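> below is the sequence, then the predicted model.
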Amino acid sequence: MRRVTRTALLAGALAAIVSVPLVAGTVTAASASDVAKAAPAASAKVRDVCAKRPGRARCYAQVRTDIRPLTGVRAKAEPPPGYGPADLQAAYALPRTGGAASTIAIVDAGDGANAEADLAVYRQTYGLPPCTTANGCFRKVNQHGQAAPLPQDQGWGVEIALDLDMVSAACPACKILLVEADEAFSKDLAESENTAATLGAAAISNSWGGLEGPDDLNWASAFAHPGVAITVSTGDAGYTTGDFPSSLPSVIAVGGTALTKDPGNARGWSEKAWNGGGSSCSAWFAKPAWQHDKNCPGRTSSDISAVADPATGLAVYNTDSTPDDGHWLVVGGTSASSPFIAGIVGLSGHPERFGDASRFYRHHDKLNDVVTGSNVAFMDCGGDDLCTAGPGYDAPTGWGTPNGIGNF
């Protein structure tokens, strides 16, 4: 495939790296639940769940470190911090039924040993129906599609919990397939992707990635399965030169927003582009015929978006992580928005409509347009729609966020 470039990007953007911290400040005295559900807090502090490791993909989950995790007696006496399913269903006008025929696959690296048990706590806490191996709703396999042996822990426990919880929040009736790659190498993740499709997934969510390059051409076919919707997080580094696999024309690239309750408008919620949410202009993958934005000659990401800002983050239950993480956490990153959108695809009952993201471009009038915010975290796109939200299409938020399932 011919490499496409953007003159302004190559000429000046790399030299204009802006060292703007994504998070800074101090812990407030408000309760965890109040802090997580308030307007985006400049004081929010986070840590990345997955470290950057050369030659490997990185998951994009971020954990709030300024909110004390709920454990033990406190976990039974206090509501979990962060948004739960009812909040997300209200914010995005989602029906509470549907999707029973859909299987949503999650592709992650390494084993989440407590994934099923933790998912059970999350779903019971919020009154969602059980999703277990015993009732046929939950299934966990290795990258070859087998129940054993499962891979070694790769430190992605919080990521796995976030993915399962967000699919559950979007589509409580969907079945869930967790495919665990041996390691976070491209070859292992690509094999896992093919396995998820082979095992009948209606949608496959990928909350991980890395800067794109020529080697990624070798793995592109794993992310193109007719009749299967493939969602991919756009990353947590703001505007970049290209992030794989979200830069593939065959996937739904999912960006991130900051979501806040807002009684002052009819919707009851407000959103703006999250400053950490990824967007990009691909240098390796050509622009698909259905995409017509003017500032990027290659594939532009994102296509659609949903809540991702850890400052307005999600309640997640996890016991696989290190002891200081506790059990109930507030987690964000575009790692949250990808499985959430995959869940809505399953909820709609029509995953076959999403062999790529083109449907969002044809029916964008049924989305919530996000018109404010930017994601100039490390690179500046010069103020255009590659890094700045505005009316209509923009790269940080795509065509906007779900408004019911009409677009799906």
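Sure, I can see it.

> drop to CA atoms for contacts and neighbour counts, all remaining ones
Will do.

> wait, isn't G404 in contact with A93?
Yes: contact status for G404 versus A93: in contact at 4.6 Å, counting by CA atoms under 8 Å.

> host element of the nearest residue to P245 once chain neighbours are set aside?
Nearest residue to P245 in three dimensions, chain neighbours excluded: G209, at 6.1 Å (CA to CA, 6 or more residues apart in numbering). Here G209 sits within strand 208-211, counting by DSSP states H and E.

> and that strand, C-alpha only, in CSV?
Written as CSV, here are the backbone C-alpha positions of strand 208-211 (Å, rounded to 0.1, in the frame of the first residue of the first chain):
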residue,chain,number,x,y,z
TRP,A,208,-5.1,-1.2,22.9
GLY,A,209,-2.7,-0.1,20.2
GLY,A,210,0.6,1.7,19.4
LEU,A,211,2.1,4.1,16.9
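
> low-confidence ranges in the stretch 301-408 of the chain?
Low-confidence segments of the stretch 301-408 of the chain (pLDDT under 70): 321-326, 378.

> so what strands line up beside the longest strand that the chain contains?
Taking DSSP state E as the criterion, the chain has its longest strand at strand 252-261. Partner strands and pairing direction for strand 252-261 (DSSP bridges) are strand 229-233 (parallel), strand 269-273 (antiparallel), strand 304-307 (parallel).

> pull the distance from that strand to the chain's centre.
For strand 252-261, the separation from the chain centroid amounts to 8 Å (computed by CA atoms, centre = their mean, to the nearest Å).

> can you give me the buried ones in stretch 370-388?
Within stretch 370-388, the residues scored as buried using 16 or more other CA atoms under 10 Å are 370-371, 373-381, 385-388.

> what about stretch 240-249, average pLDDT?
For stretch 240-249, the mean pLDDT works out to 93.

> please list the outside residues in contact with stretch 131-145.
With CA atoms under 8 Å, 6 or more residues apart in numbering as the test, stretch 131-145 has contacts from 116, 119-120, 123, 147-151, 174-182, 188-189, 191-192, 195-196, 199.

> now stretch 283-303
For stretch 283-303, using CA under 8 Å, 6+ apart, the contacting residues are 1-6, 212-214, 234, 241-242, 246-249, 252-255, 278-282, 357-358, 360-361, 384-386, 393-400.

> any stretches of the stretch 51-200 of the chain with poor pLDDT?
In the stretch 51-200 of the chain, residues with pLDDT under 70: 73.

> now do 80
Low-confidence regions of the stretch 51-200 of the chain, defined by pLDDT under 80, span residues 72-76.

> I'd say G99 and A170 touch.
No: using CA under 8 Å, G99 is not in contact with A170, being 9.8 Å away.

> so the two - more neighbours on which side?
Ranked by neighbour count (other CA atoms under 10 Å), G99 and A170 place A170 first, with 28 against 22.

> would you map the strands across the stretch 101-250 of the chain?
Remark: strands assigned in the stretch 101-250 of the chain by DSSP state E, counting those that start in this stretch are 103-109, 138-142, 175-181, 203-206, 208-211, 229-233, 239-240, 243-244.

> okay, now the sheet partners of the second one, with direction.
Strand pairing for strand 138-142, using DSSP bridges, gives strand 175-181 (parallel).

> return the distance of the strand it pairs with from the chain's centre.
For strand 175-181, the separation from the chain centroid amounts to 16 Å (computed by CA atoms, centre = their mean).

> could you do stretch 267-285 as well?
So, by CA atoms, centre = their mean, the centroid of stretch 267-285 is 11 Å from its chain's centroid.

> can you show me the helices along the stretch 51-200 of the chain?
Taking DSSP state H, counting those that start in this stretch to define them, one finds helices in the stretch 51-200 of the chain at 72-77, 85-91, 115-125, 157-170, 186-198.

> hang on, the earlier thing: of G404 and A93, who's got more company?
Applying other CA under 10 Å to G404 and A93 shows that G404 carries more neighbours, namely 19 against 14.

> and that one, what does it touch?
G404 is in contact with Y92, A93, L94, P95, counting by CA under 8 Å, 6+ apart.

> include distance to A51 when you put the residues you listed into CSV, please.
Converted to CSV, the contacts of G404 look like this (distance: CA to CA, whole Å):
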residue, distance to A51
Y92, 32
A93, 35
L94, 34
P95, 37
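
> from those, which would you call buried?
Y92, L94.

> inside strands: which ones of the contacts of G404?
Per DSSP E, the contacts of G404 never map to strands.

> of the contacts of G404, closest to D262?
Using CA to CA, Y92 comes nearest to D262 of these, at 13.3 Å.

> and the closest residue in space to that closest one that isn't next to it in sequence, how far from G256?
Once flanking residues are discounted, Y92 sits nearest to N403: 5.1 Å by CA to CA, 6+ apart. N403 is 15 Å from G256, where distance means CA to CA, to the nearest Å.

> over to T234?
Distance, T234 to G256, using CA to CA: 8 Å.

> ok, now D111?
26 Å.

> which one of these two has more residues nearby?
More crowded of D111 and G256, by other CA under 10 Å: G256, with 39 against 26.

> quick check, the more buried one in contact with A306.
Yes: proximity of G256 to A306 meets the contact threshold set by CA under 8 Å, at 5.3 Å.

> now the common contact residues for those two.
S337, T397.
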